[in-house]
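A.B. asks: coords below, sequence missing:
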Ligand code: SAH
Ligand code: SF4
């Protein structure tokens, strides 16, 4: 089996080159070609000696997951569906805004944590993505967007992806080593050079892994809270039974010592009649009293047989106001790319036996 060079960070590539009898600076050159220039064909790496190029051709590949489908919605949101050989694949979404471009990246096929309102969780766990499959999502997005003029300004952006959020399919901290290696490549100046503040891991609250992330690769952290009490969170985010709120809040405080930002983002999916009442907002203020934080309220994105409903606009408004009156910064997630099922964090939402359907619909739209 040839070595897929997308599986290696610079340290790994340097070690692998060492085994080939090649110097570290050669590894650096190839790493630049792959990640900064988006070149997968060794023959095009013109400043590399021909003998090394031939060696690489025999023993290595640069292989991102194959694109099953790519589509751009009316508001410029773009979605890729990647074939990873199992289930219905994984999805990656790019959300362009005036001052940034955010890529929403998947970390697993399915998810074992079974949050009741999440269609990925309902689908069950299939497998962890490899480093190549995780970083490959950025590699594909970055290099395909780089060649296109911006839809509004007409300019070609040097760095179309300025932010990454690990909010696609899967629980990133349950695929710890591969995610940390991929994050390292995102941050590496020899590759994408993204700022730690602009790379966000979203977790449902795997406490020991939050501590390990603080040590190994402290990027911005979003915690999927969704409930202000253990009684309710035990029901909708079952991992809470293992790591209850008191431990989760303590882990957030410990994380902040290392974090690149001085707050944790708490995500809160609003489920009509379940967790969207004023008393929940008040309990939330009490719960997070000792944790510097911002709140991101996400209206529930419905899927068939979910058993939940979208919150009323008025409940969202009142909930938000209560948090704001207590001095909190609150954002409400804008729904983008609705027409292509690309609302971030609700990806592959439509999964189990579903991508076929999604695809059909997209084809219809595109036609
Ligand atoms: N597993 C990680 C990251 C992926 S999910 C986590 O749970 O944080 C990204 C975000 O989308 C999470 O906050 C998750 O709770 C939210 N989400 C999942 N299903 C959703 C749905 N149907 N509607 C709205 N948000 C949802
Ligand atoms: Fe997994 Fe996150 Fe979905 Fe929960 S919300 S099932 S942790 S992907």
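C.D. replies: Alright, I've got the coordinates. It should be emphasised that the depicted structure is a prediction, and the values quoted were computed from it without experimental measurement. Residues are numbered from 1 along each chain as shown. Ligands and ions are numbered 1, 2, ... in the order given.
A.B. asks: got the residues of the stretch 151-300 of the chain near ligand 2?
C.D. replies: 170-171, 204, 224 (C-beta under 6 Å from any ligand atom). To be clear about C-beta, it is placed using only N, CA and C from the backbone, and glycine gets the same treatment.
A.B. asks: can you pull out the helices in the chain?
C.D. replies: 10-19, 24-31, 50-59, 119-123, 131-146, 176-187, 207-216, 230-236, 245-258, 278-287, 313-325, 355-366 (DSSP state H).
A.B. asks: okay, now the nearest residue to residue 220 once chain neighbours are set aside: neighbour count?
C.D. replies: Once flanking residues are discounted, residue 220 sits nearest to residue 200: 4.2 Å by C-beta to C-beta, 6 or more residues apart in numbering. Residue 200 has 21 neighbours, counted by other C-beta atoms under 10 Å.
A.B. asks: how about residue 98?
C.D. replies: 7.
A.B. asks: which parts of the stretch 1-150 of the chain sit against ligand 1?
C.D. replies: Remark: the part of the stretch 1-150 of the chain in contact with ligand 1 comprises 111, 115, 117-118, using C-beta under 6 Å from any ligand atom.
A.B. asks: what sits against residue 214?
C.D. replies: Contacts for residue 214 (C-beta atoms under 8 Å, 6 or more residues apart in numbering) come out as 254-255, 257-259.
A.B. asks: now with 6 Å?
C.D. replies: 255, 258 (C-beta atoms under 6 Å, 6 or more residues apart in numbering).
A.B. asks: cool, the one 10 residues further on as well?
C.D. replies: By C-beta under 6 Å, 6+ apart, the residues touching residue 224 are 204, 267.
A.B. asks: distance of it from ligand 1?
C.D. replies: 4 Å (C-beta to the nearest ligand atom, to the nearest Å).
A.B. asks: run through who's touching stretch 278-288.
C.D. replies: With C-beta under 6 Å, 6+ apart, stretch 278-288 has contacts from 228-229, 318-319, 322-323, 326.
A.B. asks: in it, what counts as buried?
C.D. replies: Under the neighbour-count criterion of 16 or more other C-beta atoms under 10 Å, stretch 278-288 has 280-281, 283-285, 287-288 buried.
A.B. asks: count of residues packed around residue 23?
C.D. replies: Residues within reach of residue 23, counting by other C-beta under 10 Å, total 11.
A.B. asks: and it, its phi and psi?
C.D. replies: Main-chain dihedrals, residue 23, degrees, to the nearest 10: phi -80, psi 150.
A.B. asks: do you know the pLDDT at the residue nearest to it when sequence neighbours are not counted?
C.D. replies: Spatially, and ignoring its direct neighbours in sequence, residue 23 is nearest to residue 17 (7.3 Å; C-beta to C-beta, 6+ apart). At residue 17, the predicted lDDT confidence score is 98.
A.B. asks: what count of nearby residues applies to residue 17?
C.D. replies: 23.
A.B. asks: now the residue of the stretch 1-150 of the chain at minimum distance from ligand 1: how far from residue 234?
C.D. replies: Nearest residue of the stretch 1-150 of the chain to ligand 1: residue 118, at 3.5 Å (C-beta to the nearest ligand atom). Going from residue 118 to residue 234 by C-beta to C-beta, to the nearest Å gives 16 Å.
A.B. asks: please parse this protein into its domains.
C.D. replies: Domain ranges of the chain: 3-61, 66-366, per automatic domain parsing.
A.B. asks: which of the ones you listed has the lowest average pLDDT?
C.D. replies: Of all those, mean pLDDT reaches its minimum on domain 66-366 (a mean of 89).
A.B. asks: figure out how far that domain is from the centre of its chain.
C.D. replies: From the chain centre to the centre of domain 66-366 is a distance of 6 Å (C-alpha atoms, centre = their mean, to the nearest Å).
A.B. asks: now, of the contacts of stretch 278-288, which are buried?
C.D. replies: Buried positions within these, assessed by neighbour count (16+ other C-beta under 10 Å), are 228-229, 319, 322-323.
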